[in-house]
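Coordinates only, no sequence provided:
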């Protein structure tokens with residue numbers, strides 16, 4: 001698999017990072033969480049706490065996710081909706 005990002009992939013990731021967190025709604029900039037490594041188009045906008053936080057984060061105890069009864073697909077849906085609302089379909 002080619003690890004180099006295309007211009008379109010870079011633009012997509014920058015747009016995701018500009019969005020609010022798809023779990024807690026904290027204003028951007030956000031981090032782009034890849035649901036599957038290397039798939040640039042399947043990313044979720046997450047704040048640092050909801051992404052990497054030891055207690056709240058996806059890569060931690062996932063408490064922010066559990067409180068909101070969310071998984072990665074729910075967060076991806078929110079990310080795609082916000083991308084569409086912000087930059088159009």
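Arrived safely. Here the structure is a predicted model, which means the values were calculated and not measured.

Mind jotting down where the helices sit in this structure?
In order along the chain, the chain carries the following helices (DSSP state H): 7-18, 48-52, 63-67, 72-87.

most packed of these?
Burial of the helices of the chain is given as mean neighbour count (mean count of other Cβ atoms under 10 Å); helix 48-52 ranks first at a mean of 20. Every residue, glycine included, has its C-beta placed from N, CA and C.

Of the helices of the chain, which is nearest residue 36?
Using Cβ to Cβ as the measure, helix 72-87 is the one of those that comes nearest residue 36, at 9.6 Å.

helices or strands up against that closest one?
Here helix 72-87 touches helix 7-18, strand 43-46, going by 3 or more Cβ pairs under 8 Å, 6 or more residues apart in numbering; DSSP states H and E.

Residue 41: which of the helices of the chain is closest?
Relative to residue 41, the nearest member of those by Cβ to Cβ is helix 7-18, separated by 6.5 Å.

From the contact counts, what lies against the closest one?
Other elements packing on helix 7-18 under the criterion 3+ Cβ pairs under 8 Å, 6+ apart are strand 31-34, strand 43-46, helix 72-87.

neighbouring contacts of it?
Where contact means Cβ atoms under 8 Å, 6 or more residues apart in numbering, the residues beyond helix 7-18 that reach it are 5, 28-32, 40-41, 43-45, 79, 83, 86-87.

Would you show me how to pick out the buried ones of the residues you listed in PyMOL?
Applying 16 or more other Cβ atoms under 10 Å to these, the buried members can be selected in PyMOL as follows:
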select buried, resi 29+30+31+32+40+43+44+45+79+83
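
For the contacts of helix 7-18, which two are the farthest from each other?
Of all pairs drawn from the contacts of helix 7-18, the one with the longest distance (Cβ to Cβ) is 5 and 86, at 20.7 Å.

Identify the residues contacting residue 44.
Residue 44 sits next to 16, 22, 32, 33, 35, 72, 75, 76, 78, 79 when contact means Cβ under 8 Å, 6+ apart.

Output these as CSV; include the columns pLDDT.
What follows is the contacts of residue 44, written out as CSV (pLDDT from 0 to 100):
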residue, pLDDT
16, 97
22, 97
32, 97
33, 96
35, 95
72, 95
75, 96
76, 97
78, 97
79, 97
